Every structure is written in structure tokens, then in C-alpha cells.
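A.B. asks: Model the structure of this input:
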Amino acid sequence: MSIEQSQGRYASFEAFYPYYIHEHSNRTCRRIHVIGTGLVIAAFIAFVATRNAWWLLAMPLIGYGFAWVGHFFFEKNRPATFKYPLWSLMGDFRLFFETVSGKRKF
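C.D. replies: Numbers count the residues shown, from 1 in each chain. Sure thing, here's the model as predicted:
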């Protein structure tokens, strides 16, 4: 265990990701995350297609909205976003791509 981990911090995303997955052990929470991340990607595509900035504003509302419902109502834990915002975002996209590629069960 590194000094960062013993103090509640992770030295790398690779060290953080197992913690991220553990915090998403509830299947419904994971599914909600995957759907929310997919909708964030769709909102970005809508922005690129329309150049309407409202889609950019919708992206964090959609992403955090879905994720926080998953955590507060199903996983019953505090989202890692509060302590690790960038790595949690990276974890969301990795979870999404692992799921849609079939590496992780939906």
C-alpha cells in the first residue's frame, strides 16, 4: 500500500480503478451509470451536430444525475466523484467501454 492509499489517496488511476469498481458492486447502480454515460456521449454528439450549447450544459446534469441516483438509491454509498472527480469520470468511461465491449457484464 502506498502512502497515498494509506492517507485515502491513490497514486494512479490503475490503483484507483479497483476501488471504483468496488464502489459500483450493485448491478443496478452499474447499469444506471452505463446508461447515463451513454446519454452523455449522445448529448455530446448532439452538440457537435447542432452546435447548441445547451447540450454541453446537459452533459453534467445527465451524467451526475444518473450516477447519483445509482449511488444514493441502489448502491447506498457516497459517489467517489466527491473525493476523486477526474478519476471517477475516467472510471465512468472505462466502465462504459468495458460494458459495451462485452468485457464487463451489463
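A.B. asks: use CA for all of it now, contacts and neighbours both
C.D. replies: Will do.
A.B. asks: how close does Phe47 get to Ile32?
C.D. replies: 22 Å (CA to CA, to the nearest Å).
A.B. asks: and those two? which has more neighbours close in?
C.D. replies: Between Phe47 and Ile32, Ile32 has the larger neighbour count (other CA atoms under 10 Å), namely 21 against 18.
A.B. asks: so who does that one touch?
C.D. replies: Residues near Ile32 by CA atoms under 8 Å, 6 or more residues apart in numbering: 66-67, 69-70.
A.B. asks: And the helix or strand hosting it, what's buried?
C.D. replies: Per DSSP states H and E, Ile32 falls inside helix 27-50. Using 16 or more other CA atoms under 10 Å as the test for burial, helix 27-50 gives 28-40, 43-44, 46-47.
A.B. asks: Per-residue pLDDT of the residue nearest the centre of the chain, please?
C.D. replies: Geometric centre of the chain, nearest residue: Asp92, 2.6 Å, by CA atoms, centre = their mean. For Asp92, the model assigns a pLDDT of 97.
A.B. asks: roughly how far apart are it and Trp54?
C.D. replies: From Asp92 over to Trp54 the distance is 22 Å, taken as CA to CA.
A.B. asks: The helix-or-strand element of the chain with minimal mean pLDDT: what's the following helix or strand?
C.D. replies: When the helices and strands of the chain are scored by mean pLDDT, DSSP states H and E, helix 3-6 comes last with a mean of 47. Using DSSP H and E, the helix or strand that follows helix 3-6 in sequence is helix 13-22.
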